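> Any chance you could fold what I've pasted below:
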Amino acid sequence: TVTGLFDALAEFHNAHPGVTVTLVESDSASLVERVRSGAADLALIGAAGGPPPDLRALPIVSERLAAAVPPGHSLLAVPPGHPPVAEGPGVTLADLAGYPIVCMPPGTGIRTTLDQACAAQGVRMHIGLEAIAPAAVADLAARGLGVAVLSESMAAAHAPRLRSVAITGTDIPAVLALIWKPQVSPALGEFLRHCRKAFSAPEPEPVRAVRVASAASA
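The predicted structure follows:
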């Protein structure tokens, strides 16, 4: 999902080598504020439910949370005669409450989605370990240090080391989206065109640029 942004950056740089592009990494909450303040023209963020309503957005992924555990983990155990958890309806937040959880830190989209879902159901989760990178979260879970909570595609990407189980009973999806302010400069408008191509998103109706800038940054 992130490589689409890198593809867009490369295509934009090849088409406009004279435009300086700066790439900054941070948690999603910080990136949203950078876009709002004008410190960044565009950001790829994770969010709970949907992107911020005051910003324009290009949704990339919207999916449920999932738990990921090594094969043989007690979370996968079921009574005789019942289908395996991974083939059944999944697990609930209450099912996870008895296990240490490995998740991304506050300010990230996955963690915000988990925290909001737990608050809505009155479930208290024990976050044992935190890691900013989804691969690190999965790696810690694979070593038996807790149940990883990620999005469905993130969890499935680490098979067969981990078994992915859908977390049911939550209505808040984890969303990945590009966001930007409504005022689009010519440089940003061109970069967005490359982003839509990279993420296979349709072009919108043309918008008149109201701000002139010499660079676009993600």
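> State the distance from the most centrally placed residue in the chain to residue 193.
Residue closest to the mean C-alpha point of the chain, counted by CA atoms, centre = their mean, is residue 46 at 3.7 Å. From residue 46 across to residue 193, the span is 23 Å (CB to CB, to the nearest Å). No exception for glycine: its C-beta is placed from N, CA and C like everyone else's.
> that older thread, which other helices and strands contact the helix or strand containing the residue nearest to the centre of the chain?
Per DSSP states H and E, residue 46 falls inside strand 43-48. Other elements packing on strand 43-48 under the criterion 3 or more CB pairs under 8 Å, 6 or more residues apart in numbering; DSSP states H and E are helix 28-37, helix 109-121, strand 174-180.
> buried stuff in stretch 37-45?
With burial defined by 16 or more other CB atoms under 10 Å, the residues of stretch 37-45 counted as buried are 40, 41, 42, 43, 44, 45.
> quick one: which of those is nearest residue 65?
Nearest to residue 65, judged by CB to CB, of these is residue 45 at 16.6 Å.
> one step back: now render the helices and strands packed on strand 43-48 as TSV, adding mean pLDDT.
Converted to TSV, the helices and strands packed on strand 43-48 look like this (pLDDT from 0 to 100):
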stretch	mean pLDDT
helix 28-37	96
helix 109-121	96
strand 174-180	96
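> Among those, show me which one is buried the most.
By mean neighbour count, with neighbours taken as mean count of other CB atoms under 10 Å, strand 174-180 ranks first of the helices and strands packed on strand 43-48 at a mean of 24.
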